Every structure is written in structure tokens, then in C-alpha cells.
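> Pasting the sequence and the predicted model now:
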Amino acid sequence: MSTKRLNEINKELKVYINESGFISNKCRNKLLKIFEEEFNIKLDLDNYKNVDLSIQEDFKVLYRDDLYESSEKIKDFADLEERYTRFKEKADKLLSRKEIDFKTKSNMNNVSNLIIVICIIGIVITALIFGVRALLNGNYYDCLWFLIILSWVVSPSLKEKVNTRFIQAKNYVKGLLKKVK
């Protein structure tokens, strides 16, 4: 029974670490600090790419292939459950507070894309005005700069990226207009 529960706790620890790592390394380190506090263990909290944390059958903690022992030794399985429950409550509070809202993030990306598209349009219009004015005045050196900027906009990879941004911005504006109606 206790081995089965210990395996469940270790799986839940992995889930907590993965969720917090998905949010950020800072969040993951805060989660590990909570674990340190509840289990009275001093872990090496560096910004490692991969972190693995589990509790062994002898109540020692395996963290990144190193064994750690609690300064206040875990007496029995009930003591482990109590510490883990406190850890779990604090971890749930931390993760719910740091949860990523993809809808808001998507709107921010759409707004920033719209601003970039407006800036690109402004740059192209400004370059056209200066290029045509330089050509009409006979300043062929300035007209050469116009051709360089024009070739930059027309290049295939950039043209595709700009085209994609325009389509995204158009779809976002259409969505906003539908919401207004």
C-alpha cells in the first residue's frame, strides 16, 4: 500500500515540476523552494534544463541523481503524507496564480502583429514617396536606395513572412468587426 502511494506521489511531483517548468524556470525554482521548506532539505537550485525529483522508500529525496536527507527526519509514511499535503496545497496555489492565459496571450500577439503590419505599411509608403521624388528630381543615387529597399520587400522569404502577417492582421480585424456587430 505505501509503495503504491509513494509511486503516486512521485508521479505527482513530476507533474508539478513539468507544469511549473512549462511556465518558467523561476516558477519551477519557487516550487522547489516550497518543497525544500516542507521537507527541510537544501537542494541545489540552479537553472538546470532537466530536473527530476522523487522520494525513495527510505524517505530520502533523489534530486538530479543525488540523495538528500531531511534535517528533520521523516518518521513514517503518515509524516511523509502530511508534509506532501502541505507541499501540494502551496504548489497548487503557486501554479494557479502563475497559470498562463492563452486567450489573452493570443490577443496580445494579434495586436502586436497589427502594429507591425502598420509599421511595415508606413515604411513602404515612405520609401515609395522618397524613391519617386528622387527619380523625378534626377537623384539617381537616392533612387538606388529605393531599389535596395524595394528588393528587400520583394525578396521571396520576406515577402512570404510579410504576407502571412497581413493575413493574420486581416483576420484579426475581421474578428473584431464581427464582435462589434
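Sure thing, it's come through.

> In the chain, what residue spans correspond to helices?
If DSSP state H is used as the criterion, the helices of the chain fall at 2-23, 25-39, 77-97, 102-137, 140-154, 156-180.

> Export the ones you listed to TSV and append columns for distance to residue 59, mean pLDDT and mean neighbour count.
To be clear about C-beta, it is placed using only N, CA and C from the backbone, and glycine gets the same treatment. Output for these, formatted as TSV (distance: least, C-beta to C-beta, whole Å; pLDDT from 0 to 100; neighbours: other C-beta atoms under 10 Å):
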stretch	distance to residue 59	mean pLDDT	mean neighbour count
helix 2-23	9	84	15
helix 25-39	9	86	18
helix 77-97	6	86	15
helix 102-137	39	77	13
helix 140-154	64	70	13
helix 156-180	53	78	12
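
> nearest to residue 67, of those helices?
In terms of C-beta to C-beta, the element of these nearest to residue 67 is helix 25-39, at 13.0 Å.

> For residue 50, which of the helices of the chain is the nearest?
When these are ranked by proximity to residue 50 (C-beta to C-beta), helix 2-23 comes first, at 8.9 Å.

> Packing partners of that closest one?
Contact analysis of helix 2-23 by 3 or more C-beta pairs under 8 Å, 6 or more residues apart in numbering; DSSP states H and E lists helix 25-39, strand 53-55, helix 77-97 as its packing neighbours.

> export these to JSON lines and tack on distance to residue 125?
Putting those into JSON lines (distance: least, C-beta to C-beta, whole Å) gives the following:
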{"stretch": "helix 25-39", "distance to residue 125": "42"}
{"stretch": "strand 53-55", "distance to residue 125": "56"}
{"stretch": "helix 77-97", "distance to residue 125": "45"}
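
> Relative to residue 10, which of these is closest?
Residue 10 lies closest, by C-beta to C-beta, to one member of the helices and strands packed on helix 2-23: strand 53-55, at 4.4 Å.

> Okay then, goodbye and thanks.
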